[in-house]
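> Make a model of this:
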Amino acid sequence: MSAIGKIDLVVPTTVIDVNGHVNNVQYVQWMQDAAMAHSAELGWPQERYAAQGRTWIIRSHTIEYHHSAYAGEAITIFTWVASFEKIRSLRKFKFYRAASDTVLATAATLFVFCDQLTGKPLSIPREVQQAYTVVSRQDEP
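Presented below is the predicted three-dimensional model:
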């Protein structure tokens, strides 16, 4: 298990927009996919949260696009937890194309830990926090 999650993929033609590169909306989908895969790898799949009546709700996303990605390219999505507060957690992402040593985009999602039925924020339990290693800025990929 790793403090930094990683997904390798080849960009499918189905995510290319009218400008000939990956559509900006696709990055948000990939962020969700990477976050959920990393969480599951660390022992917290969505089903485990649901069994406890808990969930993460997204407060905000930020994405900065640096370079475009194109169909057929191999890219890597890195993700890690950057902070925990009482009810919030900041998860960061880096989209990277190794073939050209290029950072395509950087992003972050601010999550709020909530009761699944009411949507009300809850304190993040110790057992959840202990599953994730907070990655400091100097240790980011």
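
> need the strands for the chain, in chain order.
4-10, 54-65, 74-84, 88-97, 102-115 (DSSP state E).

> closest one to N23 among the ones you listed?
N23 sits nearest to strand 54-65 of all the strands of the chain, at 11.2 Å, using C-beta to C-beta. Heads up, the C-betas are built off the backbone N, CA and C, glycines and all.

> Tabulate the CA atom coordinates of stretch 57-74 in CSV.
This file holds the C-alpha atoms of stretch 57-74, laid out as CSV (Å, rounded to 0.1, in the frame of the first residue of the first chain):
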residue,chain,number,x,y,z
ILE,A,57,-19.0,14.7,-0.4
ILE,A,58,-17.1,17.0,-2.7
ARG,A,59,-16.9,20.6,-1.6
SER,A,60,-14.7,21.8,-4.5
HIS,A,61,-12.4,20.9,-7.4
THR,A,62,-9.5,22.9,-8.8
ILE,A,63,-7.8,21.9,-12.0
GLU,A,64,-4.9,23.7,-13.8
TYR,A,65,-4.3,22.4,-17.3
HIS,A,66,-0.7,22.7,-18.5
HIS,A,67,-0.6,20.7,-21.7
SER,A,68,-3.1,18.7,-23.8
ALA,A,69,-3.4,14.9,-23.9
TYR,A,70,-4.3,13.0,-27.1
ALA,A,71,-5.9,9.7,-28.1
GLY,A,72,-3.5,6.8,-27.8
GLU,A,73,-1.1,8.4,-25.4
ALA,A,74,-0.1,6.7,-22.2
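
> So what touches it?
By C-beta atoms under 8 Å, 6 or more residues apart in numbering, the surrounding residues in contact with stretch 57-74 are 8-13, 15-16, 20-22, 24, 27-28, 31, 75, 88, 95, 97-99, 102-112, 114, 119.

> which sections of the protein are below the confidence cut-off?
By pLDDT under 70, the weakly predicted segments of the chain are 1.

> remind me, longest helix of it?
Taking DSSP state H as the criterion, the chain has its longest helix at helix 24-41.

> from the chain's centre, how far out does it sit?
Centroid separation for helix 24-41 versus its chain: 5 Å, with C-alpha atoms, centre = their mean, to the nearest Å.
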